[in-house]
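**Student:** have a look at this prediction, sequence included:
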Amino acid sequence: MRVALSIAGSDPSGGAGIQADLKTFHQFGVYGEAVPTLITVQNTVRSSRVEVLAAELVAEQIAAVLEDIPPDAAKTGALGSAAVVRAVAEAARNFAFPLVVDPVMSGKQGLAFAEGDTLSALRSELMPLAALLTPNLAEAEALTGFGIATPEDMRLAARELIRLGARAVLVKGGHLAGEPVDIGFDGESFREFAGVRIVTRHTHGTGCTYSAAITAGLARGVPLWDAVATARRFVEEAIRTNPGFGRGNGPLNHHADGGLK
Ligand code: PXL
């Protein structure tokens, strides 16, 4: 059995963060490990608190996992502080497996996961270690300084993110109007991952679930863009069949058919 590791925040409502990642790993037939970086207080209608863990506590957890059950792929989500980013990057320099970096900056209800210089630490320390970077439009804008309003802008941003050191980039276009298209770029060629827009308020944890599904594919040895295509279909199906939980932005259905068991 293959193993995947998530290094990310905790969402007690179970829709996002390490909870979403573990469910997604499981659904893809992969054994999941999880190192929490921060604790949030939130549900589908409100979020009121973020406590970022000490960087050295995060580093110790990663070391414990690596020395005993090393994963076949890992992902990062919300990291919370520049110190945690640097601790994760220091460990990741020695990773013998691919790392997916989801540059999460905030949660659904505007909860900030990135104090102070987290963004610049992410850009300079962690991005160069990413086998794949998975920004949404706001994150791609923050990392590049570009404004993004069209698919052409997404391509320019992808080029810039490769120039800044990522090995491959998936710029997610779900927040542009029209049918959602994600753009992949590996420094050589562009790929498009087109989907169908599902009109629902239940999209909490979509980004986490997407990058976790990609990570599970990589852990299983699936080639990068095939892993992205499968993950894209899984997330769409998970949104379509959401359980309707919560009075606000509810979670996806992590039991959706991943197409890979
Ligand atoms: O989807 C971004 C995200 C990441 N990590 C945690 C979250 C959220 C959204 O709510 O709670 C812990």
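**Tutor:** Yes, it's here. Numbering: from 1, shown residues only.

**Student:** surely residue 258 is in contact with residue 25?
**Tutor:** No - Residue 258 is beyond contact range of residue 25, at 10.2 Å (criterion: CB atoms under 8 Å). Bear in mind the C-beta positions are built from the backbone N, C-alpha and C, glycine included.

**Student:** common neighbours of those two, please.
**Tutor:** By CB atoms under 8 Å, 6 or more residues apart in numbering, residue 258 and residue 25 have these common neighbours: residue 216.

**Student:** those two: who's more crowded?
**Tutor:** The residue with more neighbours, out of residue 258 and residue 25, is residue 25; 28 against 22, by other CB atoms under 10 Å.

**Student:** and for the one helix or strand that one maps to, what are the contacting residues?
**Tutor:** Element membership for residue 25, per DSSP states H and E: helix 17-27. Contacts to helix 17-27, defined as CB under 8 Å, 6+ apart, come from residues 4, 6, 8-14, 31-32, 34-36, 40, 75, 77-78, 205, 208-209, 212-213, 215-216, 219, 234, 251-252, 254-256, 258, 261.

**Student:** now with 6 Å, please.
**Tutor:** The contact list for helix 17-27 (CB atoms under 6 Å, 6 or more residues apart in numbering) reads 4, 6, 8-11, 32, 34, 36, 205, 208-209, 212-213, 216, 254, 258.

**Student:** do the same with stretch 68-81
**Tutor:** Counting by CB under 6 Å, 6+ apart, 2-9, 37-38, 52, 85, 88, 97-102, 104, 113, 115, 118, 208, 211, 215, 218-219 sit against stretch 68-81.

**Student:** let's see 7 Å
**Tutor:** 2-9, 17, 21, 33, 37-38, 50, 52, 55, 85, 88, 95, 97-102, 104, 113-115, 118, 126, 208, 211-212, 215, 218-219 (CB atoms under 7 Å, 6 or more residues apart in numbering).

**Student:** strands of the stretch 101-250 of the chain, residue ranges please.
**Tutor:** Using DSSP state E, counting those that start in this stretch, the strands assigned to the stretch 101-250 of the chain run over residues 132-133, 169-171, 181-185, 190-194.

**Student:** all good on my end, thank you.
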